[in-house]
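**Student:** Give me a model of this one.
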Amino acid sequence: MSPASARAENLLLVVLIQLIAIIASARLFGRLFRRMGQPLVCGEIAAGLILGPSLFGGLFPDLFQNVFNPAVAPTFSILSQIGLMFLMFLIGLEFDFAHLKDNRGAALSVSIVGIVLPFTLGFALGHWMHGALALSGSWINFALFMSAAMSITAIPVLGRIMLELNITRTRIGSITISAAAVDDATGWILLAAITAVVRSTLDPVKFGLMVVETISFAALMVWVVRPLLKRWIRKVMSSGRGISFDALALLLVGIMLAGIATNVIGIFSIFGAFFLGAILYDETEFREAIQERLRDFVTVFFLPIFFTYTGLRTDVGTLSGRTLWPMCGLVLAAAVIGKFGGCTLAARGNGVSWRESAIIGVMMNTRGLMELIVINMGYDLGILPKSVFCMLVIMAVLTTYMTTPLLRRLIRSTELEPYYIKSQFMQGLRP
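**Tutor:** Model (predicted):
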């Protein structure tokens with residue numbers, strides 16, 4: 001065996017060991033958290049953090065270095081990004097624009113307050129933290145990413161929680177998912193704009209070019225690519241045999257081409273994948289066929305890699321000193337006040353009872369996966385230092401973990417209770 005082949009085999013061995021640890025721990029902790037009354041996704045996030053330097057690396061530093069050898073870190077970084085592209089395509093495909101037509105008044109109010117208040121709090125907090133931590137670089141870029149991190153509602157995680165609790169088809173569920181959908185779309189537009197601002201280094205010509213290219217890309221996707229793809233989908237689905245291997249290969253190429261387009265423009269590749277899925281939101285039969293082909297593999301293989309990759313970046317040890325933990329508390333407080341407080345008051349202002357308004361606020365406060373995507377982008381761009389990255393991960397995890405326990409208490413004596421009693425979640429908790 002040549003030296004190059006031997007080195008490749010050695011790296012492959014490390015990659016395989018890591019993949020076994022990642023996938024097995026994700027399933028194990030997913031089931032464990034499910035028994036504790038939390039959704040599976042909460043256990044998957046916990047597995048990534050437990051495998052990182054904060055716990056596993058702190059207790060067994062030598063074993064940690066052997067299992068998570070830095071030599072293969074670039075491999076897992078690329079795998080993580082590819083997985084996110086496929087995931088964002090699936091999320092875009094599931095984006096239900098019909099929700100935006102129902103309960104427009106309450107949903108729009110909750111959505112607007114759920115973006116504006118946390119964005120404002122995040123910007124003010126980011127401005128202060130930049131000076132207090134004596135960070136380098138532009139305070140505006142840092143404050144903008146803090147604002148985006150505060151504003152996100154994780155509609156994929158929220159959707160999974162609502163499905164498990166059997167409350168998706170209720171009035172409160174409809175208002176919440178509609179508001180979250182608007183927040184989700186607005187959040188990604190804001191994030192794309194913030195990324196363009198950061199990558200243009202505040203050069204007005206470069207930023208203007210990015211904006212024009214992004215609008216042109218969106219117009220091309222809606223008015224040219226969408227009609228072509230819809231004709232292709234009708235042809236593919238007319239056979240009655242679902243998605244063929246050739247069709248799946250062409251779709252994967254399309255996802256990657258969309259990712260390349262937004263990458264070349266100067267914003268992240270995942271935006272292109274998300275937009276490609278979003279323009280096909282109304283292809284129900286095609287969506288179901290794609291889910292059957294892709295979703296399980298993306299969920300079981302790629303998502304744990306992303307969670308673990310985030311966990312490996314998160315080191316609680318960076319929050320040493322008198323000021324960092326209180327600052328972490330401020331980040332969490334601003335996030336909860338902005339989303340939970342703001343959305344609760346907005347719902348109450350539209351005639352929803354206090355208890356049901358609080359339910360809406362709790363659900364809108366869910367961040368989870370989308371938050372982790374945002375803060376990883378900020379870290380990759382060099383905007384967020386490790387300490388702030390750790391604070392935001394803690395905030396994302398806690399705001400996700402608090403959702404189900406609070407909902408289970410608030411649901412009592414509301415219109416949601418009969419649906420919740422019949423849910424698989426409730427049945428699973430009974431002896």
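**Student:** What's the local residue count around residue 74?
**Tutor:** As a burial measure, residue 74 scores 9 neighbours (other CB atoms under 10 Å). Glycine gets a C-beta too; all of them are placed from N, C-alpha and C.
**Student:** could you point out which element follows the helix or strand where it lies?
**Tutor:** Using DSSP states H and E, residue 74 falls within helix 73-93. Going down the chain from helix 73-93, the next helix or strand is helix 104-132, by DSSP H and E.
**Student:** That following helix - contacts with which helices or strands?
**Tutor:** Packing contacts for helix 104-132, counted by 3 or more CB pairs under 8 Å, 6 or more residues apart in numbering; DSSP states H and E, involve helix 139-151, helix 171-199, helix 324-336, helix 342-348, helix 354-364.
**Student:** Export those helices as JSON lines, with columns for mean pLDDT.
**Tutor:** Formatted as JSON lines, these follow (pLDDT from 0 to 100):
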{"stretch": "helix 139-151", "mean pLDDT": "89"}
{"stretch": "helix 171-199", "mean pLDDT": "78"}
{"stretch": "helix 324-336", "mean pLDDT": "93"}
{"stretch": "helix 342-348", "mean pLDDT": "93"}
{"stretch": "helix 354-364", "mean pLDDT": "92"}
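**Student:** nearest to residue 386, of those helices?
**Tutor:** Nearest of the helices and strands packed on helix 104-132 to residue 386, taken as CB to CB: helix 324-336 at 10.8 Å.
**Student:** For that closest one, buried residues please.
**Tutor:** Under the neighbour-count criterion of 16 or more other CB atoms under 10 Å, helix 324-336 has 324, 327-328, 331-332, 334-336 buried.
**Student:** ok so, going back, show me what counts as buried in the helix holding residue 74.
**Tutor:** Applying 16+ other CB under 10 Å to helix 73-93 flags 76, 79-93 as buried.
**Student:** Check stretch 197-214 too.
**Tutor:** By 16+ other CB under 10 Å, the buried positions in stretch 197-214 come out as 197-200, 207, 210-211, 213-214.
**Student:** where's stretch 314-323 relative to the chain centroid, distance-wise?
**Tutor:** How far stretch 314-323 lies from its chain's middle: 24 Å, per CA atoms, centre = their mean, to the nearest Å.
**Student:** With stretch 190-205 instead?
**Tutor:** Centroid separation for stretch 190-205 versus its chain: 21 Å, with CA atoms, centre = their mean.
**Student:** Compute the inter-axis angle for the helix holding residue 74 and helix 171-199.
**Tutor:** Angle of helix 73-93 versus helix 171-199, following axes from the mean of the first three to the mean of the last three CA atoms, to 10 degrees, is 130 degrees.
**Student:** Now residue 164: which helix or strand?
**Tutor:** Going by DSSP H and E, residue 164 is part of helix 155-165.
**Student:** just residue 236 next, same as before
**Tutor:** For residue 236, the host element (DSSP H and E) is helix 226-237.
**Student:** what helices or strands is that helix leaning on?
**Tutor:** If you count contacts as 3+ CB pairs under 8 Å, 6+ apart, helix 226-237 packs onto helix 245-265, helix 284-290.
**Student:** What are the buried residues along the longest one?
**Tutor:** Of the residues in helix 245-265, those buried by neighbour count under the rule 16+ other CB under 10 Å are 247-248, 251, 254-256, 258-259, 261-262, 265.
**Student:** try stretch 271-287
**Tutor:** By neighbour count on 16+ other CB under 10 Å, the buried set for stretch 271-287 is 271-280, 283, 286-287.
**Student:** Looking at the residues you listed, which is nearest residue 239?
**Tutor:** Each of the buried residues of stretch 271-287 was scored against residue 239 by CB to CB, and residue 286 proved nearest at 12.4 Å.
**Student:** What distance do you get for residue 93 to residue 10?
**Tutor:** Distance of residue 93 to residue 10, given as CB to CB, to the nearest Å: 39 Å.
**Student:** any idea which helix is longest in this structure?
**Tutor:** If you go by DSSP state H, the chain has its longest helix at helix 3-35.
**Student:** got the end-to-end distance for stretch 335-342?
**Tutor:** 10 Å (CA to CA, to the nearest Å).
**Student:** Any chance you could list what contacts that stretch?
**Tutor:** With contact meaning CB atoms under 8 Å, 6 or more residues apart in numbering, stretch 335-342 is reached by 113-114, 116-122, 149-151, 153, 361-362, 364-365, 367, 395, 399.
**Student:** Pull out the buried residues from that stretch.
**Tutor:** Under the neighbour-count criterion of 16+ other CB under 10 Å, stretch 335-342 has 335-336, 338-342 buried.
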